[in-house]
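[1] The sequence isn't on hand, but the structure is:
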């Protein structure tokens with residue numbers, strides 16, 4: 001093993017030079033390294049991906065690859081899932097440790113444990129009445145929390161299936177950290193809005209009365225995606241006025257009114273599939289991250305399809321943008337020299353229970 005190559009050497013490097021060095025390092029590594037990229041990844045990194053997809057697809061792929069190094073071009077919780085689901089001898093790597101998720105940060109273990117204690121006070125025995133469900137956009141310790149308490153993980157692809165399973169176990173669901181995905185999922189199950197209450201973790205008992213807690217079917221954590229909250233129903237109304245024959249598709253992390261006003265609602269995989277399989281010469285307004293929308297627009301342009309971003313302002317996942325050609329080149333060159341940088345390793349006391357919650361998800365989705 002040679003001395004670790006310091007990132008400072010790459011920080012001011014031109015993108016074109018980085019691209020050459022990425023390709024050279026990948027050629028040297030061969031099959032020892034696999035690159036996983038989420039759909040929201042920037043184009044100059046996404047082009048190097050071996051495997052692409054949304055969170056559910058990448059969870060499955062992380063468990064199936066045989067590469068020694070799993071280089072995850074995404075955000076922190078995704079690399080944690082790769083570490084949990086991969087073989088013990090495999091190493092998960094995140095090219096920039098600052099690539100996090102603001103939504104995931106809205107729920108932490110201390111606040112969720114406090115919520116659980118308060119639910120126990122009100123309900124008597126939360127573990128017999130409430131199934132904890134965490135969106136995959138969460139830290140490993142919250143996945144472990146769910147695993148220990150008979151709970152489960154979900155993604156935007158399988159939230160409906162997971163919710164049915166959760167209600168088959170117990171009469172209530174605690175859903176965190178994204179209230180919008182939880183609300184849309186409950187709505188699709190026919191649960192009245194008044195039985196889906198928002199739990200504010202910064203207030204005692206979530207800011208709810210004992211009666212509200214007892215009558216609730218879903219307790220929705222007060223969390224959201226900073227990208228998807230930018231989309232508004234007025235964006236859809238304006239677009240429909242200009243293009244009456246348009247079609248609107250949105251991610252379920254959007255607010256309820258945006259989802260309600262859309263023709264289709266689904267995960268990034270569903271958005272890609274729906275538009276690619278649509279009839280030629282159709283026009284689409286898309287409520288999800290900008291990199292995905294721009295890439296999709298280019299891919300279907302030859303069929304006469306027009307794909308437009310929903311918000312009038314630029315809106316992309318800023319933390320995922322941190323994975324740039326400079327960080328990727330630095331990471332791969334170090335691996336090619338036998339140096340592991342930015343390894344993501346879930347603590348041994350968390351990994352088994354987190355894996356249990358993920359395995360439950362994969363088994364039924």
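    On my side now, so go ahead. This structure is a prediction, so every number in the text was calculated from the model and none was measured. Numbering: from 1, shown residues only.

[2] what's the distance between residue 175 and residue 289?
    Look at residue 175 and residue 289: by Cβ to Cβ, to the nearest Å, they are 22 Å apart. (C-beta placed from N, C-alpha, C; glycine too.)

[3] before we move on, what about residue 192?
    Remark: distance between residue 192 and residue 289 (Cβ to Cβ) = 31 Å.

[4] So between those two, which is more surrounded?
    Comparing residue 192 with residue 289 by other Cβ atoms under 10 Å, the one with more neighbours is residue 289, at 24 against 9.

[5] Tell me if I'm right that that one and residue 40 touch.
    Yes. Shown here, residue 289 and residue 40 form a contact pair, counting by Cβ atoms under 8 Å, at 4.3 Å.

[6] Who are the contact partners of residue 192?
    Listed by Cβ atoms under 8 Å, 6 or more residues apart in numbering, residue 192 has no contact partners.

[7] likewise residue 9?
    The contact partners of residue 9, by Cβ under 8 Å, 6+ apart, come to residue 330.

[8] Just the pLDDT at it, thanks.
    As predicted, residue 9 sits at a pLDDT of 85.

[9] Kindly report the same for the one 10 residues further on.
    Model confidence at residue 19, given as pLDDT, is 95.

[10] Ignoring the adjacent residues along the chain, who's closest to it?
    residue 325 (6.0 Å; Cβ to Cβ, 6 or more residues apart in numbering).

[11] Quick one: residues in contact with the helix or strand containing residue 164.
    For residue 164, the host element (DSSP states H and E) is helix 159-169. Contacts with helix 159-169, where a contact means Cβ under 8 Å, 6+ apart, come from 131, 133, 135, 150-154, 173, 181-182, 184-186, 188-189, 217, 252, 360-361, 364-365.

[12] which ones among these are found in helices?
    Among the contacts of helix 159-169, DSSP state H puts 181-182, 184-186, 188, 360-361, 364 in helices.

[13] quick check, nearest of those residues to residue 4?
    Nearest to residue 4, judged by Cβ to Cβ, of these is residue 361 at 36.2 Å.

[14] For the ones in helices among the contacts of helix 159-169, give me a markdown table that also has neighbour count and pLDDT.
    As requested, these are arranged in a markdown table below (neighbours: other Cβ atoms under 10 Å; pLDDT from 0 to 100):
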| residue | neighbour count | pLDDT |
| --- | --- | --- |
| 181 | 28 | 98 |
| 182 | 27 | 98 |
| 184 | 26 | 98 |
| 185 | 27 | 98 |
| 186 | 23 | 98 |
| 188 | 14 | 98 |
| 360 | 18 | 97 |
| 361 | 24 | 95 |
| 364 | 12 | 93 |
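
[15] Now distance to residue 243 too, for those, in a markdown table please.
    Below are the ones in helices among the contacts of helix 159-169 laid out as a markdown table (distance: Cβ to Cβ, whole Å):
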| residue | distance to residue 243 |
| --- | --- |
| 181 | 28 |
| 182 | 31 |
| 184 | 25 |
| 185 | 29 |
| 186 | 31 |
| 188 | 27 |
| 360 | 43 |
| 361 | 38 |
| 364 | 40 |
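
[16] Pick the one among the residues you listed closest to residue 126.
    The closest of those, once distances to residue 126 are taken by Cβ to Cβ, is residue 182, at 17.2 Å.

[17] about what we covered before: chain center to the helix holding residue 164, what's the gap?
    The chain centroid and the centroid of helix 159-169 are separated by 19 Å under Cα atoms, centre = their mean, to the nearest Å.

[18] Over to stretch 79-87?
    With Cα atoms, centre = their mean as the basis, stretch 79-87 stands 15 Å off its chain's centre.

[19] Which residue lies nearest the spatial centre of the chain?
    For the chain, the residue nearest the mean C-alpha position is residue 137 (4.5 Å; Cα atoms, centre = their mean).

[20] who are the neighbours in contact with that one?
    Shown in contact with residue 137 (Cβ under 8 Å, 6+ apart): 55, 77, 101, 103-104, 177-178, 225.

[21] Now, of these, which are buried?
    Among the contacts of residue 137, those buried by neighbour count (16 or more other Cβ atoms under 10 Å) are 55, 77, 101, 103-104, 177-178, 225.

[22] Okay, and which of those residues map to helices?
    Taking DSSP H as the definition of helices, the buried ones among the contacts of residue 137 contribute 55, 77, 103-104.

[23] Quick check: buried residues in stretch 129-140?
    In stretch 129-140, the ones that count as buried by 16+ other Cβ under 10 Å are 130-140.

[24] quick revisit: which parts of the helix holding residue 164 are buried?
    Within helix 159-169, the residues scored as buried using 16+ other Cβ under 10 Å are 159-160, 162-163, 165-167.

[25] mean confidence for that helix?
    Mean per-residue pLDDT for helix 159-169: 98.

[26] check contacts around residue 216.
    Each residue near residue 216 by Cβ under 8 Å, 6+ apart is listed here: 172, 195-197, 208.

[27] how close does it sit to residue 164?
    Taken as Cβ to Cβ, the span from residue 216 to residue 164 is 18 Å.

[28] Kindly report the same for residue 14.
    51 Å.

[29] Next: residue 86.
    Separation of residue 86 from residue 164 (Cβ to Cβ): 29 Å.

[30] Any stretches of the stretch 51-200 of the chain with poor pLDDT?
    Segments of the stretch 51-200 of the chain classed as low confidence (criterion: pLDDT under 70) are 56.
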